[in-house]
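Student: How does the following fold in three dimensions:
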Amino acid sequence: MSTKSRDIKKIKRTLRRPFEWLGIGLGILIFSNLPRRWMLGVCDFVSAVMYRFDDKGRRRSLANLRVIFGKIECDGILHPVKVYDPTKAEEKIIRRSYRNMARTVGHAFWTCRNAVERVKQSGEMSEAGKKFLAENNPAVTVSGHIGCWEILSQLALLEGHQMMSVAKDIGTGGMTKLLMKARTSIGQEIVHADGAFRPLMQGLKDGKSLGLLVDQLVKIKDGGIWVRFFGRPIPVSAAPAFFSAKGKAPIVVAWSRPLKDGRYRCEVVATYKKEDARDIRGMTQKCICDLERIIRRHPSTWVLNYRYFRKWPDEKEMAELDKRTTL
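Tutor: I've put the predicted structure just below:
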């Protein structure tokens, strides 16, 4: 990236901060005081506006959606499609993806007040989930940005697990602290992504369960490893397998399925014993494949406008990945 491009991005971030603060502040103030039905209605309106004006996001969503269904052949970094020309079915999925994102953010704001009661109103744990959590405490819970990812750790906490999750910076440092404070309203512990290893490891040793999302890019230098995601290479976090192996805790891959009434049900996708996690790379690939199966069946519940495929391995890394995934 050129110096000029970096300067422009820095200026844009500076200009954007007051609006981000305003959005977060209003979100917490307004959403937390709305009845649940009204909150969902506002989220649906916001998602329609986002869909209308987010041209690049729509084009990126279409590219990602076509990767899911094997309609794009590209040996390299995946860019947004040049022209947004979805079929009616594709457009419907992308619109629902925007709605799902907005409802998830709305849920995070809405549960800032009366968190326990509101989480009970918003979701339920499946019988398989209850059984696993009752028999395995602590555990490493793994998911992605599918359904309402905010509610997963909240529901596990209601089942008697002390939960720790990781959060990255969102906007300014002050905004990040504000959001983290809102997300801890139910009692879960949020650890900043930078320097998260030690507190998470200590938490696991102290009997706390971990809630980790693994469908975002993590640089190799930051602990990421290359895996195959919808057939394409992507560097993701190996943290779930690592903490499972070192902390001797089982892994459960789960997601929150949206229900017709706007609520969510936490469903178990797969479970693994702590011994399975000794193969860090193999376990990470298994978790990604588990999420991939859910996304293929329910693409509208996934965050489609994220830049998942913006990195590409070098020749050595690609050869190692090919060797590992073809065994």
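Student: Which positions within stretch 304-313 qualify as buried?
Tutor: Leu304, Asn305, Tyr306, Tyr308, Phe309, Lys311, Trp312, Pro313 (16 or more other Cβ atoms under 10 Å). C-betas here are computed from N, CA, C, even on glycine.
Student: again, but for stretch 296-304
Tutor: By 16+ other Cβ under 10 Å, the buried positions in stretch 296-304 come out as His298, Pro299, Ser300, Thr301, Trp302, Val303, Leu304.
Student: now stretch 64-77
Tutor: So, applying 16+ other Cβ under 10 Å, buried residues of stretch 64-77: Asn64, Leu65, Arg66, Val67, Ile68, Ile72.
Student: And it, how far out from the chain middle?
Tutor: In terms of Cα atoms, centre = their mean, to the nearest Å, the centre of stretch 64-77 is found 20 Å from the chain centre.
Student: any residues touching it, and which ones?
Tutor: For stretch 64-77, the surrounding residues in contact (Cβ atoms under 8 Å, 6 or more residues apart in numbering) are 63, 78, 81, 86, 90, 93-94, 230-232, 295-296, 299, 304-306, 308-312.
Student: Which members of these occur in helices, if any?
Tutor: Within these, residues falling in helices by DSSP state H are Ala63, Glu90, Ile93, Ile94, Ile295, Arg296.
Student: ok, the first one touching His79?
Tutor: Yes: the criterion here is Cβ atoms under 8 Å, and Ala63 meets it with His79 at 7.0 Å.
Student: Could you check which of these two is surrounded by more residues?
Tutor: Neighbour count, other Cβ atoms under 10 Å: between Ala63 and His79, Ala63 has more, with 23 against 13.
Student: thinking again about what came up before, flag whichever of the buried residues of stretch 64-77 scores worst on pLDDT.
Tutor: Least confident entry in these, by pLDDT: Ile72, with 85.
Student: So which bits of stretch 260-268 are buried?
Tutor: Neighbour counts over stretch 260-268 (16+ other Cβ under 10 Å) mark Gly262, Arg263, Tyr264, Arg265, Cys266, Glu267, Val268 as buried.
Student: In stretch 150-164, which residues are buried?
Tutor: Neighbour-count burial for stretch 150-164 flags 150-159, 161-164 (criterion: 16+ other Cβ under 10 Å).
Student: and those residues as CSV, adding secondary structure and distance to Phe53?
Tutor: Output for the buried residues of stretch 150-164, formatted as CSV (DSSP: H, G, I helix; E, B strand; the rest coil; distance: Cβ to Cβ, whole Å):
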residue, secondary structure, distance to Phe53
Glu150, helix, 24
Ile151, helix, 28
Leu152, helix, 30
Ser153, helix, 32
Gln154, helix, 31
Leu155, helix, 33
Ala156, helix, 36
Leu157, helix, 36
Leu158, helix, 37
Glu159, coil, 40
His161, coil, 40
Gln162, coil, 41
Met163, strand, 36
Met164, strand, 36
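Student: Many thanks, I have nothing further to ask.
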